[in-house]
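Student: here is a sequence with its predicted model. Questions after.
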Protein chains: 2
Amino acid sequence: MRADVQEDLAELRRRLAELASLEEVLGILSWDQEVMMPAGAGPARGRQVATVALLHHQRLCDPGLRRLLEGLGERDDLDPIDAANVREALRDQRRALRVPPALVERWSEVTVAAHPIWVAARERADFSAFAPILGELVDLARQRAAAIDPDRPTYEVLIDEFEPGMTMAAIDRHFGALQAALTPFIAELRGREGPPLPPAMRARVPAAAQEAIGRELMGVLGFDFERGRLDRAVHPFCGGAGVHDVRITSRYAEDDLLSGLLAIIHETGHALYEQGRDPARADQPVSRARSMGWHESQSLLWENQVGRSPEFWRYLLPWLGERLPVYQGAELDAITRALARVDFGNEIRVEADELTYPLHVILRYELERDLFAGELALADLPAAWNQKMRDYLGVDPADDRRGVLQDVHWAGGAFGYFPSYTLGAMLAAQIFQAALRAEPAIPGELAGGETGRLRTWLREHVHVQGSRLESDALARAVTGAPLGPEAFIEHLRGKFSAAYGLGEAAAG
Amino acid sequence: MRADVQEDLAELRRRLAELASLEEVLGILSWDQEVMMPAGAGPARGRQVATVALLHHQRLCDPGLRRLLEGLGERDDLDPIDAANVREALRDQRRALRVPPALVERWSEVTVAAHPIWVAARERADFSAFAPILGELVDLARQRAAAIDPDRPTYEVLIDEFEPGMTMAAIDRHFGALQAALTPFIAELRGREGPPLPPAMRARVPAAAQEAIGRELMGVLGFDFERGRLDRAVHPFCGGAGVHDVRITSRYAEDDLLSGLLAIIHETGHALYEQGRDPARADQPVSRARSMGWHESQSLLWENQVGRSPEFWRYLLPWLGERLPVYQGAELDAITRALARVDFGNEIRVEADELTYPLHVILRYELERDLFAGELALADLPAAWNQKMRDYLGVDPADDRRGVLQDVHWAGGAFGYFPSYTLGAMLAAQIFQAALRAEPAIPGELAGGETGRLRTWLREHVHVQGSRLESDALARAVTGAPLGPEAFIEHLRGKFSAAYGLGEAAAG
């Protein structure tokens, strides 16, 4: 009997590795599309991707794989990693089996059609031009959610795609506490003079020099160039083809070095997670990132907990000065305070500072939640958006282009994705606190440009863990507590109080 | 009944388009591997390619596609293009069906294993280190050929993979005539002083400037950058993903501008063939290049008939002078004569000049032919190689590294590929003569930098034709005669007589 199980596990691994290879192929095709592909190849690329995706779907739903997973899923004597692997594969397969093929096809057609319609509507700042196809996407998303799990609220099923196991009740609680803490704090800062921008931060640095510095900095953070690349794209992202081929991109504004550099640090955080996947199971679902929020926790930890910290800048400032003489005269304190400037008038999520960003996310979460609960009509979305912008951020969007049409997500059918950004920011702060408790030498080493101790701790406690545990259990295992907003609030209070010279800075 | 056939044709097109999409995916994966992939991703890339190739094989051998092709293959009322499409698809399917899966797998394993063994053996100039796995490859190639067509000579079946319909008898005849003409001509030149290298051709030009000039030149030749790219790789090649995404590469030596530029012209010739495939059938086998020889005819036509001609250089020299002042002082006659210098001491095929190149190919053809006929033992290959080098080229290879181990082809199992290079050179000369007969304005337009008339003629007569006709019929349709060495010999005699100041230059 035991030999049978071993055979089944080996056959399962073989089949799941084949699926992983196809996912990696899709990863390369997607990276290539953003970074390399000539413009005229778009339609052909769409057919290539559809062909591979269909073959992947067929292999995932194959009756032989169903029998294997059903048999193994009923056993209680598998070792924990094999059991987690079966659990994750079953989840993938169930979602694939439950959504009818006609709906998959329609979903693919409408998301492809929606993107250029959204681009044109945003260009003309005209929500009404986007509303009809958005309505169709919302309707299709409802059908998908009902097919996957008719017993849970639609929106929670959609969120579950990005954050397995997450509930709306938990998000309501976390976001409520976060907003309650941030709103009065932001009001307090709003009356004060912000930290000035040091002249070095406005110096013109050619894109090629920024890229060379960014590539060196990736090395400092521990990115393995034998298993990855850095390139340019319109939007920074982390993609590629699994643990052996992790590719990040950035973009460069010549008068804003640090924006490009912090984007590279952010994407390197994602990349370290991917490069740190369990090498013994790198082609199996159990080694995959736990969720979008967990992935974002790794990018935000390196960007905001490390990359904007006075400790790391003690190393980074003279390091930059060696490469760009204009930074030789800059003051450490002035730089790190300037990196915590709040842009109170900003209406764009992707340009938001660390402090106001969560309110942009909460706004979107509430609108999506109310939309799928049937409590908000699609036609009322722009007005509701603008009202919340005023209420939460004190900003009046100039038009729909800078308001309800600003994000690409809905045109791609990615409903329920936004919460992951802020769940990730909460996790990042909580994980970093846990790392400092476990390894008090980390800040001192960062000040010397040594990132190995932090990276090793993350590798062992987060990266290698992948999806062995479910999210709640993983948060407890890594940080000793369930996910909550406290560490993030404490981090924001401390950093922005210091930047704005509030009395509580020392307590932060 | 007629409606049934239409339905079958539509279903055939759908299935063949799916296969084309998978071939395009393999094209992108291969291009990426040469140009972009980080070194550590090699083994994972191997698994990705194997997975897609296996799915392609399964779809190609699918019983439904077999029934469709068998039914349509028996009809005599299809229009000629549909009939050719069925013929080409049947050929693909028969080859796929006849080679047993175990042999396909073994072939793939041994070719993957052979490459590093060849690299190491070449490094140490030690044929005996490569001989065992080369023997295994020869044996597997015999088995493949016997499975595909047990009634034809092994080597002819192998050649047929690259040159459908070509026979050893025809190659013997063509190569015999070519060698009979070239050998005394080369002997005559050997005693004479060669054209000197103008100083401009030795000027140092940074790789980035060469690349920019090469990219501009591609535009002059009519390369469509909306549907293609230029990048760098160790070896120049033309790849990518079908008619909408044609990617060429080059490499640059800073003291040898023209070598890199001519490589770009060569690859652009390949690319124009791919970009010129019948747009209405671009995803069907009938639109594919007729053979490797036909592909090479397009690259060599642009490189050698155009790119080294006095006519085109009348345009190119001042054009280069505008970009690189060092070329402003160069003389047209000196440059084009220098482009026809013979390197009599050269032992390396890829570095050979246009005149001696065919002898390198004939040598390989004869050795492969004798090997598969059982008339040459593997162990005797190095000695036979060196003997033919002395006899045909008057060169004594320094060692196996510069002798029998110099080419990558055998390590990849590509037996029977070499003849295509010289068949392509013959075709290039014959096609260019036909184009000049049909369009006498071509040389004058090339002298003005106008490439449209020649490109349009090639597009109509070669590129769009793809595989509609079989090779013999296509050669007759394009050039009015079967393939032969006469035009090529005439071209070589004319060009090299002029370069070496022989009396017959005017007749060339």
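Tutor: All right, it came through fine.
Student: where does the stretch 1-150 of chain A dip in pLDDT?
Tutor: Within the stretch 1-150 of chain A, the stretches with pLDDT under 70 are A:1.
Student: try chain A
Tutor: Chain A contains residues with pLDDT under 70 at A:1, A:504-508.
Student: show me which residues of it are close to chain B?
Tutor: Counting by CB under 8 Å from any CB of the partner chain, chain A comes close to chain B at A:17-18, A:21-22, A:24-25, A:28-29, A:32, A:36-41, A:43-45, A:47-48, A:50-52, A:55, A:224-229, A:241-245, A:283. Any C-beta I mention is one placed from the backbone N, CA and C, and that applies to glycine too.
Student: quick one: A:Arg247 is in a strand?
Tutor: Yes - assessed with DSSP: H, G, I helix; E, B strand; the rest coil, A:Arg247 lies in a strand.
Student: pull the contacting residues for it.
Tutor: A:Trp31, A:Val35, A:Gly228, A:Arg229, A:Leu230, A:Asp231, A:Cys238, A:Gly239, A:Gly240 (CB atoms under 8 Å, 6 or more residues apart in numbering or on different chains).
Student: which among these count as buried?
Tutor: A:Trp31, A:Val35, A:Gly228, A:Arg229, A:Leu230, A:Cys238, A:Gly239, A:Gly240 (16 or more other CB atoms under 10 Å in any protein chain shown).
Student: dig out what the fourth one forms beta bridges with.
Tutor: With DSSP bridges as the criterion, the beta-bridge partners of A:Arg229 are A:Arg247.
Student: in the stretch 1-150 of chain A, which spans are strands?
Tutor: With DSSP state E, counting those that start in this stretch, there are no strands along the stretch 1-150 of chain A.
Student: any idea where the helices of the stretch 201-350 of chain A begin and end?
Tutor: A:207-221, A:257-275, A:292-300, A:310-323, A:332-338 (DSSP state H, counting those that start in this stretch).
Student: turn those into TSV, including distance to A:Gly394.
Tutor: Output for these, formatted as TSV (distance: least, CB to CB, whole Å):
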stretch	distance to A:Gly394
helix A:207-221	33
helix A:257-275	24
helix A:292-300	25
helix A:310-323	29
helix A:332-338	22
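Student: looking at these, which is nearest to B:Gln298?
Tutor: Of all the helices of the stretch 201-350 of chain A, it is helix A:207-221 that lies closest to B:Gln298, at 36.1 Å by CB to CB.
Student: for the closest one, buried residues please.
Tutor: Buried, per 16+ other CB under 10 Å, within helix A:207-221: A:Gln210, A:Glu211, A:Ile213, A:Gly214, A:Leu217, A:Met218, A:Val220, A:Leu221.
Student: once you drop chain neighbours, what's closest to the last one?
Tutor: Translated: A:Leu221. A:Thr268 (4.9 Å; CB to CB, 6 or more residues apart in numbering or on different chains).
Student: on that earlier part again, now the residues of chain A next to chain B: which count as buried?
Tutor: Taking 16+ other CB under 10 Å as the criterion, what is buried in the residues of chain A next to chain B is A:18, A:21-22, A:24-25, A:28-29, A:32, A:36-38, A:40-41, A:44-45, A:47-48, A:50-52, A:55, A:224, A:227-229, A:241-245, A:283.
Student: how about stretch A:2-14 as CSV, C-alpha atoms only?
Tutor: This file holds the C-alpha atoms of stretch A:2-14, laid out as CSV (Å, rounded to 0.1, in the frame of the first residue of the first chain):
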residue,chain,number,x,y,z
ARG,A,2,2.7,2.4,1.0
ALA,A,3,4.5,1.7,-2.3
ASP,A,4,1.3,2.6,-4.2
VAL,A,5,1.1,5.9,-2.4
GLN,A,6,4.8,6.6,-3.3
GLU,A,7,4.0,5.9,-6.9
ASP,A,8,1.0,8.1,-6.8
LEU,A,9,3.0,10.9,-5.3
ALA,A,10,5.7,10.5,-7.9
GLU,A,11,3.1,10.6,-10.7
LEU,A,12,1.5,13.7,-9.1
ARG,A,13,4.8,15.5,-9.0
ARG,A,14,5.5,14.7,-12.6
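Student: tell me the gap between it and the middle of its chain.
Tutor: 35 Å (CA atoms, centre = their mean, to the nearest Å).
Student: which strands and helices sit next to whichever strand or helix holds A:Ile159?
Tutor: Assessed by DSSP states H and E, A:Ile159 sits inside helix A:154-162. Applying 3 or more CB pairs under 8 Å, 6 or more residues apart in numbering or on different chains; DSSP states H and E, one finds that helix A:154-162 contacts helix A:127-148, helix A:168-190, helix A:357-372, helix A:419-438.
Student: what residues does it touch?
Tutor: Contacts of helix A:154-162 (CB under 8 Å, 6+ apart): A:95, A:141-142, A:144-146, A:148-149, A:152, A:166-168, A:171, A:291-293, A:368-369, A:372-373, A:415-417, A:419-420.
Student: of those residues, buried ones?
Tutor: A:95, A:141-142, A:144-146, A:148, A:152, A:166, A:168, A:171, A:291-293, A:368-369, A:372, A:415-417, A:419-420.
Student: list the residues that contact the residue of the stretch 301-450 of chain A at minimum distance from chain B.
Tutor: With CB to the nearest CB as the measure, A:Trp302 is the residue of the stretch 301-450 of chain A nearest to chain B, at 20.4 Å. Listed by CB under 8 Å, 6+ apart, the contact partners of A:Trp302 are A:Leu221, A:Ile265, A:His266, A:Thr268, A:Gly269, A:Leu272.
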